[in-house]
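Undergrad: Return a 3D structure for these sequence lines:
(one chain, ligands or ions: 2)
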Amino acid sequence: MTDAATLPILFVPDPRLRAKAKPVGASDSARVRDLSARMLAAMYAAPGIGLAAPQVGELLRLVVIDLQKEEARAPIVLVNPEIVAASAETATREEGCLSLPGQYADVTRPARVKVRYHDLEGARREIEGEGLLSACLQHEIDHLDGVLFVDYLSALKRNMLLRKLAKELKRA
Ligand code: K2U
Ligand code: ZN
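TA: Ligands and ions are numbered 1, 2, ... in the order given. Predicted coordinates for the structure are as follows:
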């Protein structure tokens, strides 16, 4: 049994946050079942409403999400998720990221997305999201391709935010 300690979440500029994650294969199912449970524990402990495997140093196309309150948890594990449709209409929302602690900025994304994925039993599933779920799905799937929310900002704003983060992490 692997240790129960919660997985550490990587901070920018760790290069693993910029890598492209590999698809989960059928042979990975036991490892992915264990990893998704540990990712959910780390996400709840943060706390967060989403977490992608590269954020805990595992370059696999695996995401966990739970937008519900603590008393009504409803975790979703998405294996090899992909956005198959996105609305032309956009929505802007302030985003944060557990890998850029304390940094927030407005990000504009498609308002609604349709995501196709496999669940832990290997069944093909589809989920449609709008609002916070839409932003979370896009934010997490971006992580699988090494894309961070700061990439949607102007170079000026991105550099200001990254400099502030570096200073805060040095002080911590
Ligand atoms: O991927 C992560 O780093 C967790 C993100 C997920 C997220 C970011 C932006 C918009 C939606 C989800 C967050 O840090 S989780 C913290 C949080 C909590 C409530 C609302 C938004 C973000
Ligand atoms: Zn994030």
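
Undergrad: quick one: secondary structure of the nearest residue to L35 once chain neighbours are set aside?
TA: In space, and not counting its chain neighbours, L35 is closest to E58: 6.0 Å by CB to CB, 6 or more residues apart in numbering. Just so you know, the C-beta spots here come from the backbone N, C-alpha and C atoms, and that holds for glycine as well. Following DSSP: H, G, I helix; E, B strand; the rest coil, we place E58 in the coil state.

Undergrad: what's the residue nearest in space to the middle of the chain in contact with, if anything?
TA: Within the chain, the residue whose C-alpha comes closest to the C-alpha centroid is E140; the distance, by CA atoms, centre = their mean, is 2.9 Å. By CB atoms under 8 Å, 6 or more residues apart in numbering, E140 lies in contact with G50, L51, A52, V63, I65, L78, P81.

Undergrad: Ramachandran coordinates for V63?
TA: For V63, the backbone dihedrals (degrees, to the nearest 10) come out as phi -130, psi 140.

Undergrad: wait, V77
TA: According to degrees, to the nearest 10, V77 has phi -110, psi 120.

Undergrad: The one 3 residues further on too?
TA: Main-chain dihedrals, N80, degrees, to the nearest 10: phi 50, psi 50.

Undergrad: still on that earlier bit, on the pLDDT front, check the residue nearest to the centre of the chain for me.
TA: E140 carries a pLDDT value of 99.

Undergrad: so where does it fall, helix or strand?
TA: E140 is part of helix 131-143 when elements are defined by DSSP states H and E.

Undergrad: CA atoms only for whichever helix or strand comes after that helix - export them in CSV, please.
TA: As assigned by DSSP H and E, the chain's next helix or strand after helix 131-143 is helix 155-171. C-alpha atoms of helix 155-171 as CSV (Å, rounded to 0.1, in the frame of the first residue of the first chain):
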residue,chain,number,x,y,z
ALA,A,155,2.9,39.0,-21.9
LEU,A,156,3.0,42.0,-19.6
LYS,A,157,0.4,40.6,-17.2
ARG,A,158,1.7,37.1,-17.4
ASN,A,159,5.3,38.3,-16.5
MET,A,160,4.0,40.5,-13.6
LEU,A,161,2.1,37.5,-12.2
LEU,A,162,5.0,35.1,-12.6
ARG,A,163,7.4,37.5,-11.0
LYS,A,164,5.0,38.0,-8.0
LEU,A,165,4.6,34.2,-7.7
ALA,A,166,8.4,33.7,-7.7
LYS,A,167,8.9,36.3,-5.0
GLU,A,168,6.1,34.8,-2.8
LEU,A,169,7.5,31.2,-3.3
LYS,A,170,11.0,32.4,-2.3
ARG,A,171,9.6,34.0,0.9
